[in-house]
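Undergrad: Mind looking at a prediction? Sequence and model below.
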Amino acid sequence: MNHETLTKLHSIHLDIGKEIKRICDLHGIDYILDSGTLLGAVRHQGFIPWDDDMDFAMTRDNYERFLNAANADLDKKYFLQTWETDKNYPMPYAKIRLNNTRYIENVFEKADIHQGIYVDILPYDIWPKSRLKQRKLWLKKLYIQALIMMKCHYMKFKSNKIYKYILKAVMFTFIKFISVFYSKKQLIKKYKKLIDKYNREKSNEVYEQTVNYKFAYWVIPKICLENYTYLNFENTSFQCPENYDVYLKSVYGDYMKLPPVEERNRGHQIIEIDFGKYFDEKEKI
């Protein structure tokens, strides 16, 4: 992806971000800029120059409220992508996609889903205090997620090492077989029941609801989602954690230090990008 393409991509991400902000402001929904987007706001006052996405996050309650609000008020040029709105979409978080564009990632190359340029919206849920409960939650969550992904024909198990490829192929084939006995609706119901159970726990930590096989991935202090401030991001200000220093140190460590040049990689393996007529139509406005 060259600089011109990345600049255009950032422009669309920002437009989608403004639409998310508009809906949240309209309905009094709290949100934060998340992960690398928050880091960009603090360190660069905008996009990290080599980043290729934009992320928002919310508490579970605010996330559910946002989905309801977006279903009613989202501008028609965008598509709200969730488990429920896109038959073969397997992820436990939402995306706002721009219609009439294409943004094909390697992992979704053959997926029969909406593939427009997007911004992620990720819910945070309670991370239990007990190590035993943490393990139980993590294992059950991974299992149900794997079933949903197989149900949605998501079968990426490529590997450079033959023994890993065979191991993954056997494991994924078994999971695919088990998924036959469930509908996607049943699996989503199981997932939500699991999350709701642990959201009734008292804890000082929350975790990001995404798909990752690493235990305790992206766990942050709960206070990061309790008080908010506004930070400048490009030509707009967005809501961010008031304790953004606590958040960023917990996930990045010395976050103001730039990584070596060789580590400034874009996070997504993009194999096709098409802006459609978006910029032509924007110039007419």
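TA: That came through fine.
Undergrad: Could you pick out the longest strand of the chain?
TA: strand 118-127 (DSSP state E).
Undergrad: Break down the stretch 101-250 of the chain into its helices, ranges please.
TA: 131-151, 162-179, 184-199, 244-252 (DSSP state H, counting those that start in this stretch).
Undergrad: could you say what helices and strands the last one packs with?
TA: When contacts are defined as 3 or more CB pairs under 8 Å, 6 or more residues apart in numbering; DSSP states H and E, helix 244-252 sits against helix 35-43, strand 219-221. No exception for glycine: its C-beta is placed from N, CA and C like everyone else's.
Undergrad: thinking again about what came up before, measure how far the longest strand of the chain is from the centre of its chain, please.
TA: Mean C-alpha position of strand 118-127 versus that of the full chain (CA atoms, centre = their mean, to the nearest Å) differs by 6 Å.
Undergrad: Pull up the pairing partners for it, direction included.
TA: strand 55-59 (parallel), strand 94-98 (antiparallel), strand 205-208 (antiparallel) (DSSP bridges).
Undergrad: for the ones you listed, which one sits closest to Glu84?
TA: Nearest to Glu84, of all the strands paired with strand 118-127, is strand 94-98, at 9.8 Å by CB to CB.
Undergrad: Name the residues that touch that closest one?
TA: For strand 94-98, contacts defined as CB atoms under 8 Å, 6 or more residues apart in numbering pick out 12, 15-16, 19-20, 63, 66-67, 70, 74, 77-82, 114-121, 278.
Undergrad: Need the mean per-residue confidence for stretch 272-281.
TA: Mean pLDDT, computed over stretch 272-281, is 89.
Undergrad: mind saving the C-alpha coords of it as PDB?
TA: In PDB, the C-alpha atoms belonging to stretch 272-281 read as follows (Å, rounded to 0.1, in the frame of the first residue of the first chain):
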ATOM      1  CA  GLU A 272      -7.400  -5.800  -2.600                       C
ATOM      2  CA  ILE A 273      -8.600  -2.300  -2.100                       C
ATOM      3  CA  ASP A 274     -11.000  -0.300  -4.200                       C
ATOM      4  CA  PHE A 275     -12.400   3.100  -3.200                       C
ATOM      5  CA  GLY A 276     -15.100   2.900  -5.800                       C
ATOM      6  CA  LYS A 277     -16.500   6.400  -6.600                       C
ATOM      7  CA  TYR A 278     -16.200   7.600  -3.100                       C
ATOM      8  CA  PHE A 279     -13.800  10.500  -3.700                       C
ATOM      9  CA  ASP A 280     -15.400  11.500  -7.000                       C
ATOM     10  CA  GLU A 281     -18.700  11.800  -5.200                       C
END
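Undergrad: Many thanks, we can stop here.
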